[in-house]
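K.L.:
no FASTA, just this:
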């Protein structure tokens, strides 16, 4: 650790939660599996929160879904992915907390897979670093977190291609471009404020 401040203070993580969500999907699913959107996944997210306009019974691959989560922070995708991985959001949340404990997180409790505000959904900078590090050591995760743009082809419900754009402003060519940045995940809710996990490397 090169610099630390309030690293064990419990905070609301917002969408950096999705790093854990994506890691668990990678550890438990194959990329060509079909994810089908339930009514719950589509309609139980907050109005105005990040999404890619999926509809009930729409189908796409797990790989496309992971790009949607990491680039566009799609909240309905996180729910659909949780249902696909564990059978229900509730069981997936249990898996999230088990994995956090395995990684040595001592001040973390997840209550949903997307990070939308919940009083019982919190983590710390120290714990988030442990989760982010574990994710980075998954080679597949690195592919999703370092991508700037991606196209989801037409589906059984949507005739047009969906274009995804990474919103991390420290990536090359973005407004806060940082030398050596590799990728990361942004987050924002009114209660959490801005949250951020970033990976960067210079030399070694």
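P.N.:
Nice, thanks for sending it over. All figures in this text were calculated on a predicted structure; none of them were measured in a lab. Numbers count the residues shown, from 1 in each chain.
K.L.:
mind listing what residue 71 touches?
P.N.:
147, 148, 149, 150, 164, 165, 166, 167 (Cβ atoms under 8 Å, 6 or more residues apart in numbering). The C-beta positions use only the backbone N, C-alpha and C, and glycine is treated the same way.
K.L.:
before we move on, what about residue 63?
P.N.:
Counting by Cβ under 8 Å, 6+ apart, residue 63 has contacts 31, 32.
K.L.:
Remind me which helix or strand it belongs to.
P.N.:
Per DSSP states H and E, residue 63 falls inside helix 62-72.
K.L.:
just how off-centre is that helix within its chain?
P.N.:
Mean C-alpha position of helix 62-72 versus that of the full chain (Cα atoms, centre = their mean, to the nearest Å) differs by 8 Å.
K.L.:
before we move on, back to that, of the contacts of residue 71, select the buried ones using a ChimeraX command.
P.N.:
Selection of the buried residues among these in ChimeraX, burial being defined by 16 or more other Cβ atoms under 10 Å:
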select :147,150,164,166
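K.L.:
Just give me the closest of the contacts of residue 71 to residue 72.
P.N.:
residue 164 (5.0 Å; Cβ to Cβ).
K.L.:
So that closest one, which state does it fall into?
P.N.:
Three-state call for residue 164 (DSSP: H, G, I helix; E, B strand; the rest coil): strand.
K.L.:
Name the surrounding residues that touch the longest helix along the chain.
P.N.:
Longest among the helix segments of the chain by residue count, using DSSP state H, is helix 89-102. By Cβ under 8 Å, 6+ apart, the surrounding residues in contact with helix 89-102 are 20-21, 23-24, 28, 40, 79, 82-83, 85-86, 108-113, 123, 127, 131.
K.L.:
Filter the residues you listed down to the ones in strands?
P.N.:
Among the contacts of helix 89-102, DSSP state E puts none in strands.
K.L.:
Which of those are buried? Put it as a ChimeraX command.
P.N.:
To isolate the buried ones among those in ChimeraX, judged by 16+ other Cβ under 10 Å, type:
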select :20,21,23,24,79,82,83,85,86,108,109,110,111,112,113,123,127,131
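K.L.:
Which pLDDT value belongs to residue 46?
P.N.:
pLDDT for residue 46: 75.
K.L.:
and it, what does it touch?
P.N.:
Applying Cβ under 8 Å, 6+ apart, the residues near residue 46 are 75, 116.
K.L.:
which helices and strands sit right next to the lowest-mean-pLDDT helix or strand in the chain?
P.N.:
When each helix and strand of the chain is scored by mean pLDDT, DSSP states H and E, helix 39-43 comes last, with a mean of 87. If contacts are counted by 3 or more Cβ pairs under 8 Å, 6 or more residues apart in numbering; DSSP states H and E, helix 39-43 sits against helix 75-86.
K.L.:
what's in contact with the helix it packs on?
P.N.:
Contacts for helix 75-86 (Cβ under 8 Å, 6+ apart): 18, 21, 24-25, 28-29, 33, 35-38, 40-42, 44-46, 49-52, 54, 62, 65-66, 68-69, 88-89, 92-95, 112-114, 116.
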